[in-house]
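# build me a structure from this.
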Amino acid sequence: MGSAAIKSPTPASSEETKNNVSDDHNSLTVLSLLNLDQSISNLSHAIDKPATVDHVINHLLANRQYITPLEMASGRKLESQQTRDKVHKSIVRFVREPDRWTALASVLLKNLAFHRSIQTLPCIFQGSIDESAVGAEKFQLLPIVDLPRTKYNRPYLPQLTPQTTHNPSETIKLSLNTSDKGTGENENLGAKISVSHQYPYVSIVQSSSTLKVGLDLVVFQYQKNEYTPTIHDFLKAFETSFTSWEWERIQYCRDSNTIFRKRRSRSDESKLREFFLRWSIKEAYTKALGLGMHIDFSSFETRLHGIDDIKNTDTKESIWDTVMSVINTTSSRSLQSTIQKKSHERTSRKYVEFQHQYSVLGEIVYLPHTSKKYTENEVWEVTFVPIPVDEDETHTTLKRDLKWSACDACACICRGPMFQRKNLLSSDSDARAPVMIEHIEILDLISLHKVIDHDTF
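Got it, this is the predicted structure:
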């Protein structure tokens, strides 16, 4: 989690942020979440044998088409051994099985986003994956595409323009500017993506907004070892990544039960959650900038409107308290559409929902010594999506059986810049569309590239 200072990003102009906000009202942002423990269990049940990464890779990569966006743009249908080997190496280079599963899921989620962006796959913006088509004869199995990356190693969807037809049964011909040398200048700004993972969760966010978008997913656990035997030791290792103001928020809270809201020390569990959530804001923001860990995290701080306002008597004691308070209040107002599919004597748990999230405006404050060119702080939208504990060991229940009161992880999405600080109080943030949350399984993703049955898989 270390960070290295490279440069400070260039702030958006007032005109740019004004246009961003107006365009964002009609945009859609989709967060796809995958639980590997749950997915591996269901995959093993589907193929009637224990699923291993090597087994899946050997079948998924055998006799499949592996291409780059440039090869797809040329209109050629070919299997690139070099691209296949690159995809294979990106997965098997890891020694631990959980890391290999994570890498495989990441590859498949990025391919899901790519094929949706060029409309060779029914787009999530128009609904979920067509259940009647996936894995069926009428649905063409899709090639696995190796996405380009910027010089900061951020994967992105290239700008490809369909030249012939959207019919997946015909050859896909697309145009691509080939001058991009890791600059990201060919990025499809109408389908931006950001990927994050921490076992057992893997996630990707895809947005049609003109705003920048970044994602970070955190699990509320720390690795206990000889160097960090306690939570205090673990947190101490990251103190220099935060400003003094942020670190105080992680260590202390204002007691909401007293008139003067005196400062008191948090419990270790509360400190850990507050640390992970404030870290996730920073990482999601820097990933949205395209810099990720290549920027000094201590050079800026994030202040959440309505949460970090000391004068606000309704302010909760932590970010997590605020998030769960809102979600518990709205959880009964179900806006989800549940999809349940019977396939090979298994139940798929893919569904889409909107209500389990909390969005708040956050102010990005760069410290004075960082850059004198910052005259006004930017405001970004921060969305928290708690991930519930699945207490069903068979992993076949629907969302109503998940334990939302015991979430063990959270995804954080940063979108912006929305506008400058002076417009914060007069903003119409409630008018922006919520994030569409898609819970999906690795079996659904594999089915896009290979038919799964007992005879061939």
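# please count neighbours and contacts with C-alpha atoms only from this point.
OK.
# for the stretch 151-300 of the chain, which segments count as strands?
Listed in chain order, the strands of the stretch 151-300 of the chain (DSSP state E, counting those that start in this stretch) span 161-162, 174-175, 192-198, 201-207, 212-219, 252-254, 263-265, 300-304.
# any chance you could list what contacts the lengthiest strand in the chain?
The longest strand of the chain (DSSP state E) is strand 409-420. Strand 409-420 has contacts (C-alpha atoms under 8 Å, 6 or more residues apart in numbering) with 12, 14, 17-18, 20-21, 205, 211-220, 277, 280-281, 284-285, 288, 376-388.
# follow-up on the earlier one: can you put the strands of the stretch 151-300 of the chain in CSV and add mean neighbour count?
Listed next are these as CSV, based on neighbours: other C-alpha atoms under 10 Å:
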stretch, mean neighbour count
strand 161-162, 14
strand 174-175, 18
strand 192-198, 22
strand 201-207, 25
strand 212-219, 27
strand 252-254, 20
strand 263-265, 14
strand 300-304, 20
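# quick one: closest of the ones you listed to R93.
strand 192-198 (17.0 Å; C-alpha to C-alpha).
# what packs against that closest one?
Judged by 3 or more C-alpha pairs under 8 Å, 6 or more residues apart in numbering; DSSP states H and E, the packing partners of strand 192-198 are helix 97-117, strand 201-207, strand 212-219.
# residues in contact with that strand?
With C-alpha under 8 Å, 6+ apart as the criterion, strand 192-198 contacts 102, 106, 113, 155-157, 202-209, 212-219, 287-288.
# ok so, going back, what subset of the contacts of strand 409-420 is buried?
With burial judged by 16 or more other C-alpha atoms under 10 Å, the buried subset of these is 17, 20-21, 205, 211-220, 277, 280-281, 284-285, 288, 377-388.
# before we move on, back to that, need the strands of the stretch 151-300 of the chain in TSV (columns: mean pLDDT and distance to A46).
Output for the strands of the stretch 151-300 of the chain, formatted as TSV (pLDDT from 0 to 100; distance: least, C-alpha to C-alpha, whole Å):
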stretch	mean pLDDT	distance to A46
strand 161-162	55	36
strand 174-175	43	36
strand 192-198	96	25
strand 201-207	96	21
strand 212-219	97	28
strand 252-254	83	48
strand 263-265	85	49
strand 300-304	94	45
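# so what's V382 bridging to?
V360, C414 (DSSP bridges).
# show me what contacts it?
For V382, the contacting residues are 281, 359-362, 412-415, by C-alpha under 8 Å, 6+ apart.
# if we use 6 Å, what do you get?
Each residue near V382 by C-alpha atoms under 6 Å, 6 or more residues apart in numbering is listed here: 359-361, 413-414.
# pLDDT below threshold where in the stretch 1-150 of the chain?
Filtered on pLDDT under 70, the stretch 1-150 of the chain yields the residue ranges 1-26, 63-80, 122-140.
# which parts of it are strands?
29-35, 66-67, 144-145.
# with adjacent residues omitted, what lies nearest to L61?
Leaving aside its sequence neighbours, L61 sits nearest to R84 (C-alpha to C-alpha, 6 or more residues apart in numbering; 7.4 Å).
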